[in-house]
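1. Build me a structure from this.
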Amino acid sequence: MSTKLSRLYGMDIFTDSGKFIGNAQDFIIDLEAGEVSRVLIEPLPQGKEDARKALREKSILYTNVKSVEDVIVVSKGPAGKS
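-> Below is the predicted model of the structure:
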């Protein structure tokens with residue numbers, strides 16, 4: 001799947017069962033692999049501990065993205081929101 005990252009900002013995110021998770025607010029990019037690794041449903045905070053918590057609880061592995069059309073469909077949401 002190939003698309004411009006700028007197109008994904010603000011896009012609604014739903015699980016494949018239809019549950020609304022949030023909106024794509026930020027992205028983590030693996031520069032070595034040249035691919036998106038995570039989608040964040042909140043902007044990444046500045047503090048180290050807050051950033052770790054956000055990555056754990058407010059982000060989705062990009063490998064869980066099943067479809068990107070009018071919305072982003074994922075197979076599994078962040079911890080506690082699946």
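2. Can you give me the neighbour number for residue 47?
-> When neighbours are counted by other CB atoms under 10 Å, residue 47 registers 9. (Each C-beta comes from the backbone N, C-alpha and C, glycine too.)
3. err, residue 39, not the other one
-> Neighbour number of residue 39 under other CB under 10 Å is 26.
4. Can you classify it by secondary structure?
-> strand (DSSP: H, G, I helix; E, B strand; the rest coil).
5. Verify the stated contact: it with residue 11.
-> No. Using CB atoms under 8 Å, residue 39 makes no contact with residue 11, being 9.1 Å away.
6. Sketch out the low-pLDDT regions of this structure for me.
-> 1-2, 79-82 (pLDDT under 70).
7. Which parts of it are strands?
-> Assigned by DSSP state E, the chain shows strands spanning 12-15, 20-23, 26-30, 35-40, 59-61, 65-68, 72-74.
8. got those strands as TSV, with distance to residue 4 columns?
-> Formatted as TSV, the strands of the chain follow (distance: least, CB to CB, whole Å):
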stretch	distance to residue 4
strand 12-15	17
strand 20-23	17
strand 26-30	12
strand 35-40	11
strand 59-61	19
strand 65-68	10
strand 72-74	14
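9. Which one, of those, ends up nearest to residue 3?
-> strand 65-68 (5.7 Å; CB to CB).
10. hang on, the earlier thing: which stretch among the strands of the chain approaches residue 49 most closely?
-> Residue 49 lies closest to strand 59-61 among the strands of the chain, at 15.1 Å (CB to CB).
11. Could you pull out the buried residues of that closest one?
-> Neighbour-count burial for strand 59-61 flags 59-60 (criterion: 16 or more other CB atoms under 10 Å).
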